[in-house]
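# Have a look; sequence and predicted model below, questions after that.
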Amino acid sequence: MPYFDSASSAPLHPVARQALLAAIDEGWADPARLYREGRRARLLLDAARETAAEAVGCRPDELVFTPSGTHAVHLGIEGALAGRRRVGGHLVVSAVEHSSVLHSAAAHGSRGGSTTEVPVDRSGAVSPEEYAAALRPDTALACLQSANHEVGTVQPVAEVAQMCREAGVPLLVDAAQSLAWGAVPGDWSLLAGSAHKWGGPAGVGLLAVRKGVRFAPQGPADERESGRSAGFENIPAVVAAAASLRAVRAEAEEEARRLRVLVDRIRRRVARLVPDVEVVGAADRRLPHVVTFSCLYVDGETLLHELDRSGFSVSSGSSCTSSTLTPSHVLKAMGVLSEGNVRVSLPMGTTAEEVNRFLEVLPGAVAGVREQLGVVPAAADVTPEAESLELDTLGLRCPQPVIELGKAIGRVPVGGTVTVLSDDEVARLDIPAWCAMRGQEYLGESPAAAGTAYRVRRLV
């Protein structure tokens, strides 16, 4: 049963399991105490901190452990903003940050702060020049992920960090997705990570704050973890997290080469095997184990269930899933197709046979979902009915508005128009994406009595 969702949570590494079991027996005492059990626990905690700091590329006294990666992000943003309150209340983030960053930005806004979201291109990457243009004299903090969690695109952190340094603005890097593969380059100021992303146990995060960065921990004062993360440290989990990070780093170079070959195979063959598919994310500057693609005329939730029944665990940024009624903010910011989205993120140790089997199963799964939705090939000999048509798809949800558009486009002549009335938020993203994939012209949108009217001109 291949598990292909390591970007959400990687399987527990064998080294993490061994370290966790050993530390449960040795690291249960309070590391702040002076008796032998406390000293033993303190030695384990200090050794774990040194190991993690070496992997991150910072000093041990710059790194603290937190209850999660999300907690680390929240602590980092809140502490850095508070520490630079006199500079101003402006925050800069990219449009494709993890929700933990965006939620912190929203909380900052509710307190009267301001936030600028830097847009990305269709690959999901920011432009260093556009990022630098967003920095202002009152910018207190900038945030940029090292690599995107949904499409795998690696961000130009080193270039952005240099520009932030020149502007006197600290840069916080969410490195949750990339730490397993190497240290984050560049002169960053703060960094957050999450152990379960690299094969450590869940419930452990880390936050690094470089010396010289103005930082004011928020919340009640606590003497543990330099006052930056309150509460009794989970020493067994921390030890396992640090041990597994060191272990995956030792394997990273070889595994990256091997997995990149498998991901390249998926990227190439999905486009050939499955009609009407858009592979999204950067082709080259990306994580070695992640590939994301969107399937036109497909319900994302149904497709994930079909793949699960075939033994494959994958994820989705599709809006057509039960967890959300709006498209993934990442895919939306990129301006790419969101319906029928599948994210494949291969864990270390994935075999070529498992990938080949996935590629055998996928075309049939997609075809089956399309058949369930009533998708039929466009007839070549349809006689146009009128110069323009209006489709009422109000109340229909992704991917039905686009399916109806695909059926109707042949009913107008070349040069004719189809107007789609829809109250589905996803149509705003998927109808332009459909036009780009089908070679038709998207004429824009306008308010309608109910919902929104999207106009399309037939070109072919």
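Yep, it's here. Every value quoted in this text rests on a predicted model; they were computed, and no experiment measured them.

# ok, residue 184 to residue 445 distance?
Separation of residue 184 from residue 445 (Cβ to Cβ, to the nearest Å) stands at 39 Å. C-beta coordinates here come from the backbone N, C-alpha and C atoms, glycine included.

# nope, residue 331 is what I was after
According to Cβ to Cβ, residue 331 and residue 445 sit 18 Å apart.

# In terms of neighbours, single out the busier of residue 184 and residue 445.
residue 184 (23 against 18; other Cβ atoms under 10 Å).

# got the contact list for the more buried one?
Residue 184 makes contact with 56-57, 146, 157, 173, 175, 178, 191, according to Cβ atoms under 8 Å, 6 or more residues apart in numbering.

# part of a strand, is residue 420?
Yes: applying DSSP: H, G, I helix; E, B strand; the rest coil, one finds residue 420 inside a strand.

# Spit out the contact partners of it.
391, 393, 401, 404-405, 427, 431, 453-456.

# what about 7 Å?
391, 393, 401, 405, 427, 431, 454 (Cβ atoms under 7 Å, 6 or more residues apart in numbering).

# Most neighbours among those residues, which one?
Highest neighbour count within these, by other Cβ under 10 Å: residue 427, with 29 neighbours.

# give me the element the closest residue to it other than its chain neighbours is part of.
Leaving aside its chain neighbours, residue 427 sits nearest to residue 401 (4.8 Å; criterion: Cβ to Cβ, 6 or more residues apart in numbering). For residue 401, the element it lies in under DSSP states H and E is helix 400-408.

# In terms of secondary structure, what does that helix contact?
Under the contact criterion of 3 or more Cβ pairs under 7 Å, 6 or more residues apart in numbering; DSSP states H and E, helix 400-408 touches strand 388-392, strand 417-422, helix 427-438.

# Output those in JSON lines, with distance to residue 121 and mean pLDDT appended to each entry.
Formatted as JSON lines, the helices and strands packed on helix 400-408 follow (distance: least, Cβ to Cβ, whole Å; pLDDT from 0 to 100):
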{"stretch": "strand 388-392", "distance to residue 121": "31", "mean pLDDT": "93"}
{"stretch": "strand 417-422", "distance to residue 121": "26", "mean pLDDT": "95"}
{"stretch": "helix 427-438", "distance to residue 121": "14", "mean pLDDT": "90"}
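
# Nearest to residue 75, out of the ones you listed?
Nearest of the helices and strands packed on helix 400-408 to residue 75, taken as Cβ to Cβ: helix 427-438 at 33.2 Å.

# So which elements touch the helix or strand following the closest one?
Proceeding N to C from helix 427-438, the next assigned helix or strand is strand 441-447, under DSSP H and E. Helices and strands touching strand 441-447, by 3+ Cβ pairs under 7 Å, 6+ apart, are helix 427-438, strand 452-457.

# out of the ones you listed, which comes closest to residue 167?
Closest among the helices and strands packed on strand 441-447, using Cβ to Cβ: helix 427-438, at 32.9 Å.

# which residues does the closest residue in space to residue 375 that isn't next to it in sequence contact?
Nearest residue to residue 375 in three dimensions, chain neighbours excluded: residue 297, at 4.5 Å (Cβ to Cβ, 6+ apart). The neighbourhood of residue 297, defined by Cβ under 7 Å, 6+ apart, consists of 276, 370, 373, 375, 399, 402-403, 406.

# For residue 297, pull up the helix or strand it's in.
Going by DSSP H and E, residue 297 is not in any helix or strand.

# mind listing what residue 237 touches?
By Cβ under 7 Å, 6+ apart, residue 237 lies in contact with 20, 201, 203-204.

# got a pLDDT number for it?
pLDDT for residue 237: 98.

# So which of the contacts of residue 237 is the closest to residue 344?
So of the contacts of residue 237, ranked by how close each gets to residue 344 (Cβ to Cβ), first place is residue 201, at 24.0 Å.

# Tell me, how many residues neighbour residue 14?
Residue 14 is flanked by 11 other residues according to other Cβ under 10 Å.

# same deal with residue 93?
Residues lying near residue 93 (other Cβ under 10 Å) number 27.

# What does it show for phi and psi?
Here is the backbone geometry of residue 93 (degrees, to the nearest 10): phi -140, psi 160.

# Could you tell me which of the contacts of residue 237 belong to helices?
Judged by DSSP state H, the contacts of residue 237 include residue 20 as members of helices.

# out of the contacts of residue 237, who has the most neighbours?
Most neighbours among the contacts of residue 237, by other Cβ under 10 Å: residue 204, with 30 neighbours.

# Test my guess that that residue contacts residue 238.
Yes: Residue 204 is within contact range of residue 238, at 5.7 Å (criterion: Cβ atoms under 7 Å).

# residues bridging contact with those two, i.e. touching both?
Counting by Cβ under 7 Å, 6+ apart, the common neighbours of residue 204 and residue 238 are residue 65.

# Pick out the most distant pair among the contacts of residue 184.
Spatial extent of the contacts of residue 184 (Cβ to Cβ) is set by the pair 56 and 157 at 13.4 Å.

# more neighbours, these two?
Just comparing residue 56 and residue 157: by other Cβ under 10 Å the higher neighbour count belongs to residue 157, 24 against 21.

# Where does residue 173 sit, in terms of helix or strand?
Using DSSP H and E, residue 173 falls within strand 171-174.

# Return the list of helices and strands in contact with that strand.
helix 69-83, strand 139-143, helix 157-167, strand 190-194.

# ok, back up a step: among the contacts of residue 420, which one lies nearest to residue 93?
Once Cβ to Cβ is applied, the member of the contacts of residue 420 that ends up nearest residue 93 is residue 427, at 26.6 Å.

# Now the residue most central in space within the chain: closest residue in space that isn't a chain neighbour?
Nearest residue to the geometric centre of the chain (Cα atoms, centre = their mean): residue 149, 2.2 Å. Nearest residue to residue 149 in three dimensions, chain neighbours excluded: residue 177, at 5.2 Å (Cβ to Cβ, 6+ apart).
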